[in-house]
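Undergrad: whatever this is, show me its structure:
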Amino acid sequence: MAYDVRPRYLRALADQTHAYNQAESLVLIFINLSLMLMEQLLSPSLSRLFERPGRLCLLVTIEMACEVVLFMVGPSPG
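TA: Down below sits the predicted model:
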């Protein structure tokens, strides 16, 4: 059975995937920043204050690298 997939559908699908990835990254950052803030309010520590944003940047970088790989491997619309 052959499916007729139009470029408009593929573009909408790609846009939806991009929006999902952006929302996922936003939630990841928001949760980690909230945890960092709560940890600093409960037990302030200067070393932990600098360590947590570094870990968050590393986590976001890994997430972005995975999205780039998926973008390169995935089917292109058109």
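
Undergrad: pick out the residue nearest the middle of the chain.
TA: Nearest to the geometric centre of the chain sits Ser25, at 2.8 Å (Cα atoms, centre = their mean).

Undergrad: the helix or strand in which it is found - contacts with which helices or strands?
TA: Element membership for Ser25, per DSSP states H and E: helix 7-42. Applying 3 or more Cβ pairs under 8 Å, 6 or more residues apart in numbering; DSSP states H and E, one finds that helix 7-42 contacts helix 46-73. (Each C-beta comes from the backbone N, C-alpha and C, glycine too.)

Undergrad: assess the claim that the residue nearest to the centre of the chain and Thr61 are in contact.
TA: No: if you go by Cβ atoms under 8 Å, Ser25 and Thr61 don't touch, sitting 11.1 Å apart.

Undergrad: show me what the helix or strand of the chain with the lowest mean pLDDT packs onto, helices and strands only.
TA: Here the helix or strand of the chain ranked lowest by mean pLDDT, DSSP states H and E is helix 46-73, holding a mean of 86. Applying 3+ Cβ pairs under 8 Å, 6+ apart, we find helix 46-73 packed against helix 7-42.
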